[in-house]
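Peer 1: generate a structure from the sequence data that follows.
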Amino acid sequence: MNLFLVGLSDLPTLQLPLFIFFLLIYLLTLIWNLLIIVLIVTDSHLHIPMYFFLGNLAGLDLCSSSVIVPRMLFDLHTTKRKITTTACMTQVFFFVFCIASEAFLLSVMSYDRYIAICKPLHYIEIMSWKVCVQLVSIVWCIAFTNALVHTLYALKLTFCGSNIIESFFCDLPKLFQISCSDISINILLIFIVGGLLGVGSLILTLLSYVSIFKSVRKVFSTCTSHLAVVFIFYFSISFNYFRPSANNHFAADKVVSVFYTAIAPLLNPLIYSLRNQEFRTASVSFFRKIFQPKYRFHSS
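Peer 2: This is a model prediction of the structure:
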């Protein structure tokens, strides 16, 4: 069965400007996040747990953006905007995986900041490379299981009426709206599984920062970048998933969806790198190595 995406806009005059705008956003997202990963891998000064987790976050931003934006750009150039059920469910799986991974990873990053600031003498012992790899592996496993459960139950949905998705990508709430089957289990999964994991991750993040704030208020300013990313992430996801059905607010849904699928993956590396002196130093050093001319002097 084929489904049809409404897309961002049906106005022909907006197709090209929207395509150019989101193409630039996507290219900047790719370039900036790849630069973050390259700097972390190549600069020995960034070979610490904090930047290991940040590199994983950059990878997730690349993944989440690439799951949504290329398809959105393609649909801006076609009138049918047809997508198969298989492709739709594949998009659902990878998007839910990226979103869940980012929620858990933000908690891990906040825990890392808590150990670094509140227990600096034991930081190297507690946050060893083995522990860091184990934490990230747990994040991926939980996110994979969460995405698999939601996708398997979404595969049971039947679409006997309208097959038009009021969005520019396959999102679970929008699939529920056009399904003629019983979606009570799917809704329950979002509020119980997604809610428990999401709220649990948020609580762990907030507890870490409450402890940091109590321990040393001056150093708390170094954590504002991470808190900004946490706020943006949870606000946009909660607006879309954990609220009553809003069939008459498709425009608002699209705006929020655009924000957390296309804009947030670009903002995350900007927020971290622009406020981080080590990243600025590493960036300058990296580009000097690339663009600085090498002069060779030959004795006669």
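
Peer 1: show me what counts as buried in stretch 26-40.
Peer 2: By neighbour count with 16 or more other Cβ atoms under 10 Å, stretch 26-40 contains the buried residues Tyr26, Thr29, Leu30, Trp32, Asn33, Leu35, Ile36, Ile37, Leu39, Ile40. Any C-beta I mention is one placed from the backbone N, CA and C, and that applies to glycine too.

Peer 1: next one: stretch 127-142
Peer 2: By neighbour count on 16+ other Cβ under 10 Å, the buried set for stretch 127-142 is Met127, Cys132, Leu135, Val136, Val139, Trp140, Ile142.

Peer 1: once you drop chain neighbours, what's closest to Phe53?
Peer 2: The shortest distance from Phe53 to any non-neighbouring residue, by Cβ to Cβ, 6 or more residues apart in numbering, is to Met109 (4.8 Å).

Peer 1: contacting residues around that neighbour?
Peer 2: By Cβ atoms under 8 Å, 6 or more residues apart in numbering, the contact list for Met109 reads Met50, Phe53, Leu54, Leu57, His226.

Peer 1: what's the most distant pair in those residues?
Peer 2: Met50 and Leu57 (10.8 Å; Cβ to Cβ).

Peer 1: what stretches of the stretch 201-300 of the chain score poorly on pLDDT?
Peer 2: For the stretch 201-300 of the chain, applying pLDDT under 70 flags the ranges 216-227, 236-254, 256, 259-260, 268, 270-276, 292-300.

Peer 1: how many other residues sit next to Leu196?
Peer 2: Leu196 has 10 neighbouring residues, counting by other Cβ atoms under 10 Å.

Peer 1: quick one: the residue nearest to the spatial centre of the chain from Ile68, how far?
Peer 2: In the chain, the residue lying closest to the centroid (Cα atoms, centre = their mean) is Asp61, at 4.5 Å. Per Cβ to Cβ, to the nearest Å, Asp61 is found 12 Å from Ile68.

Peer 1: returning to what we had before: okay if I get the contacts of Met109 as TSV plus secondary structure?
Peer 2: Below are these laid out as TSV (DSSP: H, G, I helix; E, B strand; the rest coil):
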residue	secondary structure
Met50	helix
Phe53	helix
Leu54	helix
Leu57	helix
His226	helix
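
Peer 1: would you list every one of the helices in the stretch 101-250 of the chain?
Peer 2: With DSSP state H, counting those that start in this stretch as the definition, the stretch 101-250 of the chain shows helices at residue ranges 123-126, 129-154, 172-178, 184-189, 195-215, 224-241, 250-258.

Peer 1: between those helices, which one is nearest to Gly161?
Peer 2: Closest to Gly161 of the helices of the stretch 101-250 of the chain is helix 172-178 (Cβ to Cβ; 6.8 Å).

Peer 1: residue contacts, Phe94?
Peer 2: Cys63, Val67, Ala147.

Peer 1: mind giving me the PyMOL command for buried ones among those?
Peer 2: Only the buried entries of the contacts of Phe94 go into this PyMOL selection, using 16+ other Cβ under 10 Å:
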select buried, resi 63+67+147
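
Peer 1: kindly reformat the contacts of Phe94 as JSON lines containing pLDDT.
Peer 2: As requested, those are exported to JSON lines (pLDDT from 0 to 100):
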{"residue": "Cys63", "pLDDT": "92"}
{"residue": "Val67", "pLDDT": "91"}
{"residue": "Ala147", "pLDDT": "93"}
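
Peer 1: got the contact list for stretch 46-64?
Peer 2: Residues outside stretch 46-64 that contact it (Cβ under 8 Å, 6+ apart) are 29-30, 33-34, 36-37, 39-41, 94-95, 98-99, 101-102, 105-106, 108-109, 112-113, 116, 127, 129, 132, 136, 139, 261, 264-266, 268-269, 272, 278-279, 282.

Peer 1: next step: these restricted to strands.
Peer 2: Members of those lying in strands (criterion: DSSP state E): none.

Peer 1: quickly find the element holding Gln15.
Peer 2: In this structure, Gln15 sits in helix 12-42 according to DSSP states H and E.

Peer 1: centre of the chain versus that helix, how much separation?
Peer 2: 14 Å (Cα atoms, centre = their mean, to the nearest Å).

Peer 1: what of stretch 75-93?
Peer 2: For stretch 75-93, the distance to the chain centre is 20 Å (Cα atoms, centre = their mean).

Peer 1: before we move on, what about stretch 197-214?
Peer 2: With Cα atoms, centre = their mean as the basis, stretch 197-214 stands 19 Å off its chain's centre.

Peer 1: numbering from 38 from now on, please.
Peer 2: Noted, 38 is the first residue going forward, which turns the last one into stretch 234-251.

Peer 1: what comes up buried for that stretch?
Peer 2: For stretch 234-251, by 16+ other Cβ under 10 Å, it's Leu234, Gly235, Ser238, Leu239, Leu241, Thr242, Ser245, Tyr246, Ile249.
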